[in-house]
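Engineer: sequence plus the predicted model coming up.
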Amino acid sequence: MNYYLRPSFDARIEGPVSLDDINDRLAEGTLDLSHLATPDLSESLKRVQGLPRHDWKPLRHTPEVKGYVSPIADSKMRSLGRALLFVTAIFLISLAITYIGSIIFLGGF
(Lines give C-alpha, C1' and ligand atoms only; values in the text may rest on other atoms or scores of the structure.)
Protein backbone atom coordinates (compact mmCIF):
# COMPACT_ATOMS: atom_id res chain seq x y z
CA MET A 1 0.00 0.00 0.00
CA ASN A 2 1.17 3.50 -0.77
CA TYR A 3 0.40 6.72 1.10
CA TYR A 4 0.68 10.43 0.58
CA LEU A 5 2.42 12.19 3.47
CA ARG A 6 2.71 15.69 4.88
CA PRO A 7 4.12 16.96 8.19
CA SER A 8 1.04 19.16 8.75
CA PHE A 9 -2.18 19.87 6.91
CA ASP A 10 -0.79 23.05 5.35
CA ALA A 11 2.54 21.52 4.31
CA ARG A 12 3.64 20.21 0.93
CA ILE A 13 2.41 16.73 0.02
CA GLU A 14 4.95 13.98 -0.59
CA GLY A 15 4.22 10.76 -2.35
CA PRO A 16 2.97 8.32 -3.02
CA VAL A 17 5.32 6.57 -0.58
CA SER A 18 5.31 2.80 -0.02
CA LEU A 19 4.54 1.34 3.38
CA ASP A 20 8.00 -0.29 3.46
CA ASP A 21 9.65 3.08 2.80
CA ILE A 22 7.55 4.72 5.54
CA ASN A 23 8.57 2.04 8.06
CA ASP A 24 12.23 2.31 7.02
CA ARG A 25 12.17 6.10 7.40
CA LEU A 26 10.48 5.80 10.80
CA ALA A 27 13.21 3.39 11.92
CA GLU A 28 15.90 5.80 10.65
CA GLY A 29 14.25 8.72 12.42
CA THR A 30 13.79 10.74 9.22
CA LEU A 31 10.01 10.50 9.51
CA ASP A 32 7.79 11.12 12.51
CA LEU A 33 4.61 9.31 13.63
CA SER A 34 2.87 12.68 13.84
CA HIS A 35 3.14 13.13 10.04
CA LEU A 36 -0.25 13.01 8.35
CA ALA A 37 -1.03 10.27 5.84
CA THR A 38 -3.78 9.39 3.42
CA PRO A 39 -3.89 6.25 1.28
CA ASP A 40 -3.01 6.42 -2.41
CA LEU A 41 -6.24 5.49 -4.18
CA SER A 42 -4.79 6.18 -7.65
CA GLU A 43 -6.16 9.72 -7.59
CA SER A 44 -4.45 12.72 -9.12
CA LEU A 45 -2.23 14.88 -6.91
CA LYS A 46 -4.68 17.73 -7.45
CA ARG A 47 -7.47 15.56 -6.03
CA VAL A 48 -5.29 14.55 -3.06
CA GLN A 49 -4.48 18.22 -2.39
CA GLY A 50 -8.20 18.94 -2.16
CA LEU A 51 -8.96 16.21 0.39
CA PRO A 52 -10.59 17.46 3.60
CA ARG A 53 -8.71 17.41 6.90
CA HIS A 54 -10.55 14.33 8.19
CA ASP A 55 -9.06 12.24 5.35
CA TRP A 56 -5.54 12.86 6.73
CA LYS A 57 -4.62 10.76 9.79
CA PRO A 58 -1.40 10.74 11.83
CA LEU A 59 0.92 7.89 10.87
CA ARG A 60 0.57 6.52 14.42
CA HIS A 61 -3.10 5.81 13.53
CA THR A 62 -2.25 4.14 10.22
CA PRO A 63 -2.46 0.33 10.43
CA GLU A 64 0.66 -1.61 9.39
CA VAL A 65 2.92 1.33 10.28
CA LYS A 66 5.55 0.51 12.91
CA GLY A 67 4.46 2.32 16.04
CA TYR A 68 0.74 2.06 15.19
CA VAL A 69 -1.57 2.94 18.06
CA SER A 70 -5.29 2.55 17.60
CA PRO A 71 -7.13 5.86 17.99
CA ILE A 72 -9.16 4.35 20.85
CA ALA A 73 -6.04 3.27 22.76
CA ASP A 74 -4.45 6.67 22.11
CA SER A 75 -7.53 8.41 23.49
CA LYS A 76 -7.54 6.17 26.57
CA MET A 77 -3.86 6.95 27.22
CA ARG A 78 -4.53 10.70 27.00
CA SER A 79 -7.47 10.33 29.39
CA LEU A 80 -5.33 8.30 31.78
CA GLY A 81 -2.62 10.96 31.61
CA ARG A 82 -5.11 13.72 32.40
CA ALA A 83 -6.52 11.69 35.31
CA LEU A 84 -3.03 11.12 36.70
CA LEU A 85 -2.26 14.84 36.39
CA PHE A 86 -5.51 15.70 38.21
CA VAL A 87 -4.83 13.25 41.06
CA THR A 88 -1.27 14.57 41.39
CA ALA A 89 -2.52 18.16 41.54
CA ILE A 90 -5.10 17.29 44.22
CA PHE A 91 -2.42 15.46 46.22
CA LEU A 92 -0.02 18.42 46.05
CA ILE A 93 -2.75 20.89 47.02
CA SER A 94 -3.72 18.67 49.98
CA LEU A 95 -0.10 18.41 51.00
CA ALA A 96 0.32 22.20 50.83
CA ILE A 97 -2.86 22.78 52.89
CA THR A 98 -1.71 20.24 55.48
CA TYR A 99 1.72 21.87 55.68
CA ILE A 100 0.28 25.37 56.05
CA GLY A 101 -2.24 24.09 58.60
CA SER A 102 0.50 22.46 60.68
CA ILE A 103 2.54 25.68 60.67
CA ILE A 104 -0.49 27.70 61.81
CA PHE A 105 -1.45 25.09 64.42
CA LEU A 106 2.06 24.89 65.81
CA GLY A 107 2.30 28.69 66.01
CA GLY A 108 4.77 29.23 63.22
CA PHE A 109 3.07 32.43 62.09
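Structural biologist: That came in fine, so what should we check first? Residues are numbered from 1 along each chain as shown.

Engineer: I'd like to know how far the residue nearest the centre of the chain sits from Asp55.
Structural biologist: Nearest to the geometric centre of the chain sits Ser34, at 6.0 Å (C-alpha atoms, centre = their mean). In this view, Ser34 and Asp55 are 17 Å apart by C-beta to C-beta, to the nearest Å. Bear in mind the C-beta positions are built from the backbone N, C-alpha and C, glycine included.

Engineer: can you pull out the low-pLDDT segments for the chain?
Structural biologist: By pLDDT under 70, the weakly predicted segments of the chain are 68-75, 108-109.

Engineer: all helices of it, in order?
Structural biologist: Using DSSP state H, the helices of the chain run over 19-28, 45-49, 71-105.

Engineer: got the buried residues for the first one?
Structural biologist: Using 16 or more other C-beta atoms under 10 Å as the test for burial, helix 19-28 gives Leu19, Ile22, Asn23, Arg25, Leu26.

Engineer: same deal with the second one?
Structural biologist: By 16+ other C-beta under 10 Å, the buried positions in helix 45-49 come out as Val48.

Engineer: break the protein into its domains for me.
Structural biologist: According to automatic domain parsing, the chain comprises the domains 1-69, 70-109.

Engineer: go through these and pick out the most buried.
Structural biologist: Compared across these, domain 1-69 shows the largest average neighbour count, a mean of 14 (mean count of other C-beta atoms under 10 Å).

Engineer: re the thing from before, just send the helices of the chain back as TSV, with distance to Tyr4 too.
Structural biologist: Converted to TSV, the helices of the chain look like this (distance: least, C-beta to C-beta, whole Å):
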stretch	distance to Tyr4
helix 19-28	11
helix 45-49	5
helix 71-105	19
